[in-house]
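**Q** when you get a sec, could you give me coordinates for this:
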Amino acid sequence: MSDDTMKNMKKWASQPWETNLIHVAGLTMLEADSVLWASKALTTFCPMAYSPMTADYDMQVFGYQHVKDSGWCGEKLDENVLSKNADGAEQCAALAAGAGKQSFLLGAFFRRGWCIGGTMEVGADQYKEWSSPEGKANPTCSIGEGWSSSMLFDFYAIEPVAMKE
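**A** Numbering: from 1, shown residues only. A predicted model of the protein is given here:
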């Protein structure tokens, strides 16, 4: 690709172009590993995309798992706000564990950065159920009337201490 062509592409891309343009050095490179380039495009242009591999990594290394988008199990109590500027699930999990919580809610959209300690106690059986493919596809909530719905919070569970031993 000529320098002029690349300059034009940088102009056409939304600014900042560094986050909105991926340079592939020709069709040969693209055809050589199309999965790599598709993955690079997805992670660059869709940073909120769900990655099962990342979710499994978080579960194994950091000791928590994402259970449900747009809802929570238990109560959402205002006195359980742990942070209004958490950098993500990993930081919120650490705050929740430090506060002795077994679950947490992480804000989305207008509540991005909010970290609320959950009221649900998560036992080993419940955690294992949510870890299974069936549990991930259709998680259960046996507290009260079940899941509370909200576009502003996602629900996470912290691995019970008994499972870590």
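**Q** pLDDT weak spots in this protein?
**A** The chain contains residues with pLDDT under 70 at 1-2, 47-59, 162-165.
**Q** quick one: the strands in it, in order.
**A** 64-68, 71-72, 81-83, 103-107, 115-117, 148-149, 153-158 (DSSP state E).
**Q** and these as a markdown table, adding mean neighbour count?
**A** Backbone N, C-alpha and C define where each C-beta goes, glycine included. Conversion of the strands of the chain to a markdown table gives the following (neighbours: other Cβ atoms under 10 Å):
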| stretch | mean neighbour count |
| --- | --- |
| strand 64-68 | 23 |
| strand 71-72 | 22 |
| strand 81-83 | 17 |
| strand 103-107 | 26 |
| strand 115-117 | 27 |
| strand 148-149 | 14 |
| strand 153-158 | 24 |
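**Q** quick one, which of these gets closest to residue 138.
**A** strand 64-68 (9.8 Å; Cβ to Cβ).
**Q** what does the closest one contact?
**A** 55, 58-59, 73, 89, 93, 103-104, 127, 130-131, 139, 141, 147, 154-159 (Cβ atoms under 8 Å, 6 or more residues apart in numbering).
**Q** repeat that for stretch 75-88.
**A** With contact meaning Cβ under 8 Å, 6+ apart, stretch 75-88 is reached by 91-92, 95-96, 99, 101, 104-107, 113-119, 148, 150, 153.
**Q** residue 159 contacts residue 61, correct?
**A** No. With contact defined as Cβ atoms under 8 Å, residue 159 does not count as touching residue 61 (10.7 Å).
**Q** more crowded one of these two?
**A** Remark: of residue 159 and residue 61, residue 159 carries more neighbours, 21 against 9, as counted by other Cβ atoms under 10 Å.
**Q** pull out the buried positions in the helix ranked longest in the chain.
**A** The residue-count maximum for a helix in the chain (DSSP state H) belongs to helix 34-45. Of the residues in helix 34-45, none has enough neighbours to count as buried (16 or more other Cβ atoms under 10 Å).
**Q** send the alpha carbons of it over as PDB?
**A** Listed in PDB are the C-alpha atoms of helix 34-45, where the atom choice follows Å, rounded to 0.1, in the frame of the first residue of the first chain:
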ATOM      1  CA  SER A  34      -7.800 -14.800   8.600                       C
ATOM      2  CA  VAL A  35      -8.800 -15.900  12.200                       C
ATOM      3  CA  LEU A  36      -6.000 -13.800  13.600                       C
ATOM      4  CA  TRP A  37      -7.100 -10.700  11.700                       C
ATOM      5  CA  ALA A  38     -10.800 -11.300  12.600                       C
ATOM      6  CA  SER A  39      -9.800 -11.600  16.200                       C
ATOM      7  CA  LYS A  40      -7.700  -8.400  16.000                       C
ATOM      8  CA  ALA A  41     -10.600  -6.500  14.400                       C
ATOM      9  CA  LEU A  42     -13.100  -7.700  17.000                       C
ATOM     10  CA  THR A  43     -11.000  -6.800  20.000                       C
ATOM     11  CA  THR A  44     -10.000  -3.400  18.500                       C
ATOM     12  CA  PHE A  45     -13.500  -2.300  17.300                       C
END
